[in-house]
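1. What follows is a predicted protein model with its sequence.
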Amino acid sequence: MSASKEKYTEAQYLEATEYEPKTGTGKIANYVDTRVGGTSIVREFGRKVFPDHWTFMFGEVALYSFIITVVSGAFLTFWFDPSMSTTRYSGSYAPLQGLEMSMAYATSLELSFDVRGGLFMRQLHHWGALMFVLAMSVHMIRVFFTGAFRKPRELNWVVGATLLVLGLAAGFTGYSLPDEVLSGNGLRIIDGMLKAIPVVGTYISFFLFGGEFPGNEVIPRLYALHIFVIPALILILIAVHLFLVVMHKHTQYPGPGRTQRNVVGYPVGPVYAAKAGGFFFIVLGVLSLLAGTFQINALWNYGPYDPSPVQAGTQPDWYIGWFDGVLRIMPGFIGNIPLEFVLPTPWGGNSIATPVLVPMIPITLLLLGVFVWPWLENWITGDKREHHLLDRPRNAPTRTAFGVAMVVWYLVMWGAASSDLMATHFALSLNDVIYWLRAAFFLGPIIAYLLTKRICLALQRKDREIALHGHEAGVIEVSADGEFHEQHKLPNEHELWTLVSYEAPAPSGPRPNAKGKITAVEKVRARLNRIWFEDRVEPVSREEYLEVLGHHGESPAGLEAAQSREAITSGASSDNR
Amino acid sequence: MAEHGNGDSTAVVKAGDGASEGYAIDNPGLPPHRPRLADVDEKAAKRSERQVAALFFISIIGTVMFFVGYFAVARMDQFDDYFEGMSALRVQNTLIGVGTALAMLGIGLGIVHWAKTLMPDHEVTEDRKPLRTEEDRAEAEKIVTEVVDETQIKRRPLLRNTMIAAALLAPLPAVVLFRDLDRTGDFGVERMRHSLWDEGVRLVRDPTGTPIRAADLTIGSAMHVIPENLREVSGHGDRLAEKAKAVVLLMRLNPDDLHAPTPGRENWSYDGIIACSKVCTHVGCPVALYERHTHHLLCPCHQSTFDASEEFKVTFGPAGRPLPQLPITVDDEGFLIARSDFTEPVGPTYWERGHTDPEGDFPA
């Protein structure tokens, strides 16, 4: 590894020391550059191109919400005392004065009532956290439906999925800190779920609470996780996530002029930076508006945590909803047969809390499915190529249908967390609501899959129709022999390209391995592959297109585009995009 | 209408950048740029400029509004009447929130409007760099091979094996260190079987601690009670932990409505008065709702429903076991007392729950 050839010339070294900057910007740049070498970064990123589309902003919302949550959270730490030692409340909220409560709750009240702007910052922190998880979820859905997780971005998808799980953890640890009745009951449910875990569950519960629930330990422990461990992990993973985005360059939607090998968009400076920077203020503005006008977690209404009271109709933070909902729709008994049982073991038997464990199955499946999806999909489709152009969701009908099915599955579980409110608000029987939710849990995803797949195929057919026969022009013609028909206007080449540039390969069938054998696993893959591709609408082929042009006796799209280009330069464009 | 095209234009892999081949037409390239109003009309550009400036001005007003909210509204502790204090807080929070929102939205919308109407909107094309070049890969592989060779790890398996063994063992202390997260020191799982209830312990009201006579309860009423000895437990956390096992719901039914008790439970109730653990057997929420007419108990968290007249059996919802019943009677002075502790662990199911108790309190 000897440096046999010289990489830099003498002149280059001299250039660096002898350079005399002339402009003000040049002087600053040179000062920084001779110390940290910053100009190469500006050179690299100053005009870097980012594709622009409104669906690309969800990730941004997530990032900005996280920053806002961290900053508002830091503000809260200056007053909040995460201690379970008791005090007698003497702050300005009269109804609780004189009550024994933990320091955690007392300081949460102090933040709300006796620190000016404290309530605003607490609500900003809470709304920011809700928005953070929401934006991450929507961002993930966007990435899924457009196929942006495909090679080379699989690992970044996993980083993103981990961030989502960490976001849930951050949210829940924070939710529990004020130590009032509402969050205490949330912890109680967590404790019940932990204890249901076979073999180690009781120990995990004892480790978390430092003994029996609720004990003296849990708030400071959650606090350490909430303000240090989890945010640190999130920060590191966000850095990795963004680094990979820059390295891969952003994906782009298919369209005229866009290929797998280029990026079309606005340069960072000035347009993209201005839009993204401005957008931070918009997110902060919207969250401030929420924090200033919509009360969230009015924790003075609940009183200090006590294991005996609970409010009816309470709801968890939205992202915890699906955990709670799936617990609600699981029956404890089928008929008169209890699902919970004691497993006979040589040392006297162990309890299996089936009604708590079974609901963890769909949750685990869904989370696990998110993590392995990129590999599962490319195993089924056999598509191991790089993809920088996104799929229009309709052009990947099976993926889109499956995704919608999973979203519906999630939403059924999520909605079930409000089963009691549905019953009271719509004057329904609570039991009936649960029965319907149980049915929806099984049937919802299936119906969603079938419907979505048909809708996607129908949209693809509509694309074909437009590509081959054009848009209805709104002009009715009468032929010489009295026949009425509507004129159609063929799309221009730019629109046409978007309609026809996709792939819909046929099912590939089982492929023998190196030894010439078709394994059982390969048969499964081939089956899934057939399900994946068998219903398909092929893009318009060149032959079809030329044939149709012949029929219509029209000029090919290229010529039409030339005409429309003329129209634009004369400032009288009519084709609205 | 042609549904499906000819079947063999469907090769899985398309070579190249997919720019054109295989598609109906060639990639036509970027659509022509369409100038915005502000690009061609200086008056429109001026208008945009004024709009952006107006948005920035709104931001300034927002910041002023924040200060008004912060300084002009009195703090809550300066009011004698707490309702007035709450109203003041509400006003302050709204002014601070809306002020900040205007300040931020003014800047944000201003900048974005500026970018969209006045900054150049020409789309630019940039090539993607291949993620991996063959030259880099070969060089990196060579470096790694050389580095590994220089360590001699392949030639000296003793080094390698002992290092792996050491590396596998070394993290274990980091795990063991967390052992004392459990502050009971003995994992006190057995303690989960016992509560403060015992023979003769009075049922008292929460939080006053006053004992209860059978006559205090009318038919159809229900109350939530705690053991009298709970107040003797010192320490907030310990008291809550004991309370979390000992909270009891006491209710009085028409004795005719009670189903015949299972053998061994004949004297667990007193003249239609029955008591059960308030902790749900599902995941531990307080079973707080009682419906007099149906004598159903409902847990507000996950809607498990228990029938008080049939020894709290589950009639609906996710709970897998009835609520444990507390055997009660009255003492000489006529106050309600417990006959014994619960005869099974209260609260959610845990792994060791089904164990035969070493003291023989709970049959397997």
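-> On my side now, so go ahead.
2. residues contacting the residue in the stretch 301-450 of chain A that chain B sits nearest to?
-> With Cβ to the nearest Cβ as the measure, the residue in the stretch 301-450 of chain A that lies nearest chain B is A:E340; the distance is 3.0 Å. (C-beta placed from N, C-alpha, C; glycine too.) The neighbours of A:E340, taking Cβ atoms under 8 Å, 6 or more residues apart in numbering or on different chains as the test, are A:G332, A:S351, A:I352, A:A353, A:T354, A:P355, B:G320, B:R321, B:T349.
3. Give me the subset of those lying in helices.
-> Secondary structure from DSSP state H places A:T354, A:P355 of these in helices.
4. Using ChimeraX, define a selection of the buried residues within the contacts of A:E340.
-> Only the buried members of the contacts of A:E340 enter the following ChimeraX selection, criterion being 16 or more other Cβ atoms under 10 Å in any protein chain shown:
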select /A:332,351,352,353,354,355 /B:320,321,349
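5. returning to that earlier point: next one: the residue of the stretch 301-450 of chain A closest to chain B, what pLDDT does it get?
-> Predicted confidence (pLDDT) at A:E340: the value is 92.
6. Apart from its neighbours in sequence, what residue is nearest it?
-> Distance criterion Cβ to Cβ, 6 or more residues apart in numbering or on different chains; nearest residue to A:E340, sequence neighbours excluded, is B:G320 at 3.0 Å.
7. Next one: the one you found from A:L365, what distance?
-> When Cβ to Cβ, to the nearest Å is the yardstick, B:G320 and A:L365 sit 22 Å from each other.
8. Mind splitting the chain into its structural domains?
-> In the absence of a named chain, this looks at chain A. Structural domains of chain A, as assigned by automatic domain parsing, span the residue ranges A:10-45, A:57-310.
9. could you do chain B instead?
-> Under the assignment named as automatic domain parsing, the residue ranges that make up the domains of chain B are B:38-117, B:194-352.
10. Just the terminal-to-terminal distance for the first one.
-> Just to be clear, that refers to domain B:38-117. Looking at domain B:38-117, the gap from its leading to its trailing residue is 6 Å under the measure Cα to Cα, to the nearest Å.
11. model confidence over it, on average?
-> Averaging pLDDT along domain B:38-117 yields 94.
12. quick one: that domain near chain A?
-> Yes - if you take Cβ under 8 Å from any Cβ of the partner chain as the test, domain B:38-117 does meet chain A, through B:40, B:70, B:75-77, B:79, B:82, B:85, B:89, B:92-112, B:114-116.
13. out of the domains of chain A, nearest to A:N529?
-> Using Cβ to Cβ as the criterion, the shortest distance between A:N529 and the domains of chain A is 16.1 Å, found for domain A:57-310.
14. And the average pLDDT for the closest one is what?
-> Computed over domain A:57-310, the mean pLDDT rounds to 94.
15. and what of stretch B:305-321?
-> Taken as a whole, stretch B:305-321 carries a mean pLDDT of 94.
16. So what's the gap between it and the chain middle?
-> What separates the centre of stretch B:305-321 from the centre of its chain is 26 Å, taken as Cα atoms, centre = their mean, to the nearest Å.
17. could you measure B:G62 against B:L105, distance?
-> On the measure of Cβ to Cβ, B:G62 and B:L105 end up 8 Å apart.
18. and the domains of chain B as TSV, adding distance to A:F172?
-> Supplementary listing: the domains of chain B in TSV, determined by distance: least, Cβ to Cβ, whole Å:
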stretch	distance to A:F172
domain B:38-117	25
domain B:194-352	15
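19. Quickly compare these and say which is most buried.
-> Across the domains of chain B, the average number of neighbours (mean count of other Cβ atoms under 10 Å in any protein chain shown) peaks for domain B:194-352, which reaches a mean of 19.
20. Distance across that domain, terminal residue to terminal residue?
-> Where domain B:194-352 starts and where it finishes are 14 Å apart, if you go by Cα to Cα.
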